[in-house]
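Trainee: give the three-dimensional model of this entry:
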Amino acid sequence: MVQLVAEEEVYVGLQREPHEFDVTPEFVAYYAAAVDDHHPWYTGDSPFGGPVAPALLRHSEVYVFPGWYLSRYGNLHAKQEWELYHPMIVGDHVISRSLVSDRYSRRDRDYVVNEVTFSDPGGRVLCRGRTHQSFLRDPSPKEGVVIDKDREKSSARRFDIPLEGALEDLTPLVKPITQQMCDKFSPGRSYHNNREEAKKLGFPDIVVQGMMSVCFLSELLTQRFGAGWYCGGKMNVSLVNIVWGSDTVISRGLVRELVPEGSKQRAHLDVWCEKPDGVKVIVGKASALVG
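Mentor: Next up, the predicted model:
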């Protein structure tokens, strides 16, 4: 067999052994505490016949799989996509599979796209996430910081979203980030929950894991669209500024259009997360079924 790439190279098509897990009440409760999301469907009745897991219960499953990181110094979560098809019911057994589906370069960074697909033992696909992780092309540690807190204040880091013309403005979701949330969301001492570890990787403060704000958006969409988010929801967002430890994140959504889809309609939204001073940390699009 012809070997097209070096043995340790991160290449498009790279796959790892599947990972299996059970959706337990304890698992769901841990997630709820980590993001302060206590939807009644997680522990009681739901449209799916009993307790259902949060839509992004395994938000960071991609990081379970080894061997696709290019480096750790200065790396950033750049973009995230989700496609939701069917919920994980509490008590389910789930299988996840990882595939490096793309690599690309921009300016001084290399990007790896890792696609994780979740399915039940019968093969039914439950959801799919694509994580775009960026890495400094030169990962050698340098003096100072890779990104400081002033970067988000520059005009180049502004992302203005017009508020006029929307069909609906979703009720904003306000989340103050706490140390306890960081510790639970990112278990183990790391730059996601410890300032000293952050400094080792070129950051001046705790870098809140990007998936946390993505989960806030999922909570916002769950509250508004319910089953229409769990079954057919889509999200494609860019992580444009860093959430630092002790920041407050406000999740927003504007319905821009309703498009017929079978017997229902698909609501297309602008979604974003911002800090109280208006700095955007996530911007992008989402959609869900209504009617």
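Trainee: now the strands: where do they sit in the stretch 151-291 of the chain?
Mentor: Assignment of strands within the stretch 151-291 of the chain using DSSP state E, counting those that start in this stretch yields the ranges 168-169, 173-176, 234-239, 248-261, 264-274, 280-290.
Trainee: the residue nearest to the spatial centre of the chain: what's its closest spatial neighbour, skipping adjacent residues?
Mentor: Relative to the mean C-alpha position of the chain, the nearest C-alpha, by C-alpha atoms, centre = their mean, is the one of Met211, at 3.4 Å. Spatial nearest neighbour of Met211, excluding adjacent residues (C-beta to C-beta, 6 or more residues apart in numbering): His59 at 4.3 Å. For glycine as for every other residue, the C-beta is placed from the backbone atoms N, C-alpha and C.
Trainee: ok so the one you found is a helix residue?
Mentor: No. Secondary structure of His59 (DSSP: H, G, I helix; E, B strand; the rest coil): coil, not part of a helix.
Trainee: residues touching it, list them.
Mentor: Taking C-beta atoms under 8 Å, 6 or more residues apart in numbering as the contact definition, His59 lies against 129, 211, 214-215.
Trainee: 7 Å - rerun?
Mentor: When contacts are counted by C-beta atoms under 7 Å, 6 or more residues apart in numbering, His59 touches 211, 214-215.
Trainee: can you map out the helices along the stretch 101-250 of the chain?
Mentor: Ranges of helices within the stretch 101-250 of the chain are 179-185, 195-200, 210-225, 227-230, based on DSSP state H, counting those that start in this stretch.
Trainee: which one of those helices lies closest to Thr43?
Mentor: For the helices of the stretch 101-250 of the chain, proximity to Thr43 was assessed by C-beta to C-beta; helix 210-225 is nearest, at 14.2 Å.
Trainee: hang on, the earlier thing: I'd like the strands of the stretch 151-291 of the chain as TSV, with mean neighbour count and mean pLDDT appended.
Mentor: What follows is the strands of the stretch 151-291 of the chain, written out as TSV (neighbours: other C-beta atoms under 10 Å; pLDDT from 0 to 100):
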stretch	mean neighbour count	mean pLDDT
strand 168-169	12	98
strand 173-176	16	98
strand 234-239	20	98
strand 248-261	17	98
strand 264-274	21	98
strand 280-290	22	98
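Trainee: low-confidence ranges in the stretch 51-200 of the chain?
Mentor: Regions of the stretch 51-200 of the chain meeting the criterion pLDDT under 70 cover residues 141-144.
Trainee: the residue nearest to the centre of the chain contacts Ser60, doesn't it?
Mentor: Yes. Using C-beta atoms under 7 Å as the test, Met211 is close enough to Ser60 to be in contact (5.3 Å).
Trainee: can you list residues touching both of these two?
Mentor: Shared contacts of Met211 and Ser60, defined by C-beta under 7 Å, 6+ apart, are not found at any residue.
Trainee: quick check: Leu136 vs Ile282, distance?
Mentor: To Ile282, Leu136 is 21 Å away according to C-beta to C-beta, to the nearest Å.
Trainee: swap that for Gln223, sorry
Mentor: Distance from Gln223 to Ile282, counting by C-beta to C-beta: 17 Å.
Trainee: check contacts around Leu167.
Mentor: Residues in contact with Leu167 (C-beta under 7 Å, 6+ apart) are 255-256, 258.
Trainee: run the last query once more with 6 Å
Mentor: Going by C-beta atoms under 6 Å, 6 or more residues apart in numbering, Leu167 touches Val255.
Trainee: and Arg72, how many neighbours?
Mentor: When neighbours are defined as other C-beta atoms under 10 Å, Arg72 has 14 of them.
Trainee: done for today, thanks.
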